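Participant: The following block contains a protein sequence and its predicted model.
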Amino acid sequence: MIIVGLTGSIGMGKSTAAGMFRELGVPVNDADEVVHELYRGEAVAPVEAAFPGVAKDGAIDRAELSRRLIAAPDRLAELERIVHPLVRAKEREFIARHKAAGAPFVLLDIPLLFETKAEERVDRVVVVTCDPETQRERVMKRPGMTAEKFAMIRARQVPDSEKRARADYIVDTSDSFDVTRQQIRAIVDQLRSG
Ligand SMILES: CC(C)(COP(=O)(O)OP(=O)(O)OC[C@H]1O[C@@H](n2cnc3c(N)ncnc32)[C@H](O)[C@@H]1O)[C@@H](O)C(=O)NCCC(=O)NCCS
Ligand SMILES: Nc1ncnc2c1ncn2[C@@H]1O[C@H](COP(=O)(O)OP(=O)(O)OP(=O)(O)O)[C@@H](O)[C@H]1O
């Protein structure tokens, strides 16, 4: 089974691209989604222990956690040390499950693929990109997004140009959804034909 990693900087269209792979029948494991699930389950206790007061009604309040991190950006690494091993464990379960089911390939949507050396765990890398103006526009439109939060996240991410240089396949989302979908179909066809 081929393991394909999907990555891209914030707002580049990675989640949209992942959804298009899913529509074509590709099993997708979304690391951000896994984090959000963990914040309603296994990660609640350890994160609350490190950041007292961020749990509300048995789940981590991500807006509150974000505020704490913006006030103390160096603590993001500490949060990652708690969360990333739990994310890895979920990823291993996902791979084992689809391998057993005989899937020809799976897609791991990993925002920090290069940053966390997840590159070593995948056979191919797909990088989702768009022009920087489109990126800023998309990101700043999101509810709860601030220039500080955007800057904090960007500072932690490998630059888009470097990601593109390290990709096996590039999906450019600056154009329409249809153009994006065509690029993804071409990648899936190539992967299915081995
Ligand atoms: C900071 C938190 C609370 C913000 O939550 P919020 O719901 O507002 O945003 P969301 O999780 O949807 O992330 C928004 C964007 O930022 C990116 N991002 C999130 N965490 C990080 C990080 N540590 N480094 C770089 N980019 C990150 C995401 O991939 C996504 O593209 C949350 O992202 C978090 O707990 N991050 C730490 C866990 C982590 O490293 N996740 C990355 C994937 S494993
Ligand atoms: N051709 C396109 N391909 C992908 N996304 C597009 C396209 N045109 C517009 N968009 C829009 O761009 C926005 C950003 O996309 P998306 O949420 O997939 O980004 P992301 O890279 O997953 O972001 P994050 O890293 O923050 O999770 C969405 O609102 C999406 O609808």
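Facilitator: Thanks, I have the structure now. Numbers count the residues shown, from 1 in each chain. Ligands and ions are numbered 1, 2, ... in the order given.
Participant: number of nearby residues for the closest residue to residue 48 other than its chain neighbours?
Facilitator: Leaving aside its chain neighbours, residue 48 sits nearest to residue 55 (4.1 Å; criterion: C-beta to C-beta, 6 or more residues apart in numbering). Placement of C-beta: from N, CA and C, glycine included. Applying other C-beta atoms under 10 Å, we find 19 residues neighbouring residue 55.
Participant: ok now do residue 55, which residues does it touch?
Facilitator: Applying C-beta atoms under 8 Å, 6 or more residues apart in numbering, we find residue 55 in contact with 44, 47, 48, 61.
Participant: Please pick the buried ones from these.
Facilitator: Neighbour counting by 16 or more other C-beta atoms under 10 Å classes 44, 47, 48 among the contacts of residue 55 as buried.
Participant: Is the second one within a helix or a strand, and which one?
Facilitator: It refers to residue 47. Element membership of residue 47, judged by DSSP states H and E, is helix 44-50.
Participant: is the following helix or strand past that helix up against ligand 1 anywhere?
Facilitator: Note on helix 44-50: by DSSP H and E, the next helix or strand toward the C-terminus is strand 55-56. No - judged by C-beta under 6 Å from any ligand atom, strand 55-56 stays clear of ligand 1, getting no closer than 12.6 Å.
Participant: List the pairing partners of the helix or strand that strand 55-56 is followed by within its sheet, with orientation.
Facilitator: Where DSSP H and E defines the elements, the next helix or strand beyond strand 55-56 is strand 59-60. Paired neighbours of strand 59-60 in the sheet (DSSP bridges): strand 55-56 (antiparallel).
Participant: The strand it pairs with: how far from the chain's middle?
Facilitator: When distances are taken as C-alpha atoms, centre = their mean, to the nearest Å, strand 55-56 is centred 24 Å away from the chain's centroid.
Participant: Could you do stretch 54-70 as well?
Facilitator: With C-alpha atoms, centre = their mean, you get 19 Å for stretch 54-70.
Participant: quick one: terminal-to-terminal distance for that stretch?
Facilitator: From its first residue to its last, stretch 54-70 covers 14 Å (C-alpha to C-alpha, to the nearest Å).
Participant: what does stretch 152-165 give?
Facilitator: This stretch, stretch 152-165, spans 23 Å end to end (C-alpha to C-alpha).
Participant: Next: stretch 42-61.
Facilitator: One end of stretch 42-61 to the other measures 14 Å (C-alpha to C-alpha).
Participant: repeat for stretch 159-169
Facilitator: End-to-end span of stretch 159-169 (C-alpha to C-alpha): 17 Å.
Participant: Is there proximity between it and ligand 1?
Facilitator: No - judged by C-beta under 6 Å from any ligand atom, stretch 159-169 makes no contact with ligand 1; its nearest approach is 12.6 Å.
Participant: That stretch close to ligand 2?
Facilitator: No - applying C-beta under 6 Å from any ligand atom, one finds stretch 159-169 separated from ligand 2 by no less than 10.8 Å.
Participant: what's the offset of the helix or strand residue 19 falls within from the middle of its chain?
Facilitator: Per DSSP H and E: residue 19 is located in helix 14-23. Mean-position distance between helix 14-23 and its chain equals 11 Å (C-alpha atoms, centre = their mean).
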